[in-house]
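Student: okay, sequence plus prediction incoming.
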Amino acid sequence: MKHLEDKITQVNSLETLEKTRIELFGKKGALTAEFKKLKDVPGPEKKAFAEGLNQSKANLQKLYDEKYALLKKQEIEKILKAEAIDVSLYSSLEAKGALHPVMATMDKIIDYFIALNFSIEDGPKIEDDFHNFEALNLPKNHPARDMQDTFFCKDGGVLRTHTSPVQIRTMLQTQPPIRMIAPGAVFRKDYDITHTPMFHQVEGLVVEPKGEVSFANLKAILSDFLHYMFGDVEIRFRPSFFPFTEPSAEVDISCIFCEGKGCRVCSHTGWLEVLGCGIVDPNVFKSVKYENVSGYAFGLGVERFAMLLHKVPDLRMLFEGDTRLLEQFR
Ligand code: DAH
């Protein structure tokens, strides 16, 4: 059967090998034809003839298998070579990612306070009534609780409505002096062009021995911070109310859209509100059993800062994941 073996040996592609396989091993193939001859072989020789045929068939099968393995291997190597990627090749870096504008703004804020030696503190997003309200001088049934459109959990917990509970957690865990900020997500039932149900705040708290911090310190640090964030703007402190601070203030910067002349963004007042702050209310210190201390605190909304810094017209756009917006922040 040398001529059949040659057929296999000469093949040099998987395609021809498949044709050859049918020619040799197929129903109408060469081997079948050989086996058909068996019936014409005289009785005494039948056995030897059949054994010979089976041996040839086994040889051919072996040759075929070897050939198949070889050609398959060559084919794979060819594909690998053709599809190889040169990882040392330079790319144009066009598809490089970037921080989300809210996180970039958060980082910029955090950098300022790290430079002034503030620690970064964290707390749970599902809070209890004590940390989110009670200890912050917001007793049950106090009308000021309505200032925050709270999401309540079934078990009595709440999604924290501000980062202020981290003040309480930090004071309960450490002793003064304290110089901390608490960046993080907060939640309120709210949805319009300046509100989303989840947003981020950065809280600040400084506690020192009694008499060592004053409103003047608070004013100085926040004015410097706002100049760092917004450049050459005017700043004013306006008396306000927060349950956890007394006295309290809201801080405005001169409108960066119209430079104080009055426009739609600043509701024609020339001012944009950016911060809440004040001197820590004695009741807050009482709830964490601190004595003979004084302190100041502040809180700000990160999305509001990002929106003003980048002139984003609708705060909700920051969370839509639209690449046309995000691509502008590479
Ligand atoms: N927690 C306030 C809010 O979410 C913001 C705030 C105001 C925080 C004054 C403070 C503060 O620490 O002193 O509206």
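Tutor: Right, received. Where do you want to start? Numbers count the residues shown, from 1 in each chain.
Student: what sits against the residue in the stretch 51-200 of the chain that the ligand sits nearest to?
Tutor: Relative to the ligand, the nearest point of the stretch 51-200 of the chain is residue 162 (3.3 Å; C-beta to the nearest ligand atom). Backbone N, C-alpha and C define where each C-beta goes, glycine included. Under the criterion of C-beta atoms under 8 Å, 6 or more residues apart in numbering, the neighbours of residue 162 are 132, 148, 186, 201, 203, 299.
Student: end-to-end on stretch 32-41?
Tutor: 15 Å (C-alpha to C-alpha, to the nearest Å).
Student: quick one: residues in contact with it.
Tutor: 1, 26, 46, 49, 50, 53, 56.
Student: ramachandran angles for the residue of the stretch 51-200 of the chain closest to the ligand?
Tutor: The phi/psi pair for residue 162 (degrees, to the nearest 10) reads phi -160, psi 170.
Student: ok so, going back, looking at the contacts of residue 162, which are in helices?
Tutor: residue 132 (DSSP state H).
Student: check the contacts of residue 162 one by one and keep those near the ligand.
Tutor: Restricting the contacts of residue 162 to those near the ligand by C-beta under 6 Å from any ligand atom leaves 203, 299.
Student: min pLDDT across the contacts of residue 162, which one?
Tutor: Minimum pLDDT across the contacts of residue 162 is recorded for residue 148, with 74.
Student: low pLDDT regions in the protein?
Tutor: Flagging of the chain using pLDDT under 70 yields the residue ranges 93-95, 147.
Student: from the contact counts, what lies against the lengthiest helix in it?
Tutor: Ranked by residue count under DSSP H, the longest helix found in the chain is helix 43-83. Judged by 3 or more C-beta pairs under 8 Å, 6 or more residues apart in numbering; DSSP states H and E, the packing partners of helix 43-83 are helix 2-10, helix 14-25, helix 30-36.
Student: okay, buried residues for stretch 50-70 please.
Tutor: 53, 56, 57, 60, 63, 64, 67, 68 (16 or more other C-beta atoms under 10 Å).
Student: show me what it is in contact with.
Tutor: Contacts for stretch 50-70 (C-beta under 8 Å, 6+ apart): 1, 4-5, 8-9, 11, 14, 17, 20-21, 24-25, 31, 34-35, 38.
Student: nearest to residue 89 among those?
Tutor: residue 14 (31.7 Å; C-beta to C-beta).
Student: distance-wise, check that closest one relative to the ligand.
Tutor: 70 Å (C-beta to the nearest ligand atom, to the nearest Å).
Student: against residue 6, how distant is the nearest residue to that residue once chain neighbours are set aside?
Tutor: Counting by C-beta to C-beta, 6 or more residues apart in numbering, residue 71 is the residue found nearest to residue 14 once chain neighbours are left out, at 4.9 Å. Relative to residue 6, residue 71 is positioned 17 Å away (C-beta to C-beta, to the nearest Å).
Student: quick one, which of these two is more surrounded?
Tutor: residue 71 (17 against 11; other C-beta atoms under 10 Å).
Student: contacting residues for that one?
Tutor: 11, 12, 13, 14, 17.
Student: thinking again about what came up before, residue 228: which of the contacts of stretch 32-41 is nearest?
Tutor: Among those, and counting by C-beta to C-beta, the member closest to residue 228 is residue 26, at 83.2 Å.
Student: can you classify residue 278 as helix, strand or coil?
Tutor: strand (DSSP: H, G, I helix; E, B strand; the rest coil).
Student: which residues does it bridge with?
Tutor: Beta-bridge partners recorded for residue 278 (DSSP bridges): residue 248, residue 297.
Student: count of residues packed around residue 224?
Tutor: By other C-beta under 10 Å, neighbour count at residue 224 equals 13.
Student: elements contacting whatever helix or strand it lives in?
Tutor: Using DSSP states H and E, residue 224 sits within helix 215-230. If you count contacts as 3+ C-beta pairs under 8 Å, 6+ apart, helix 215-230 packs onto helix 101-115, strand 235-242, strand 245-254, strand 271-280, strand 293-301, helix 302-310.
Student: thanks a lot, see you next time.
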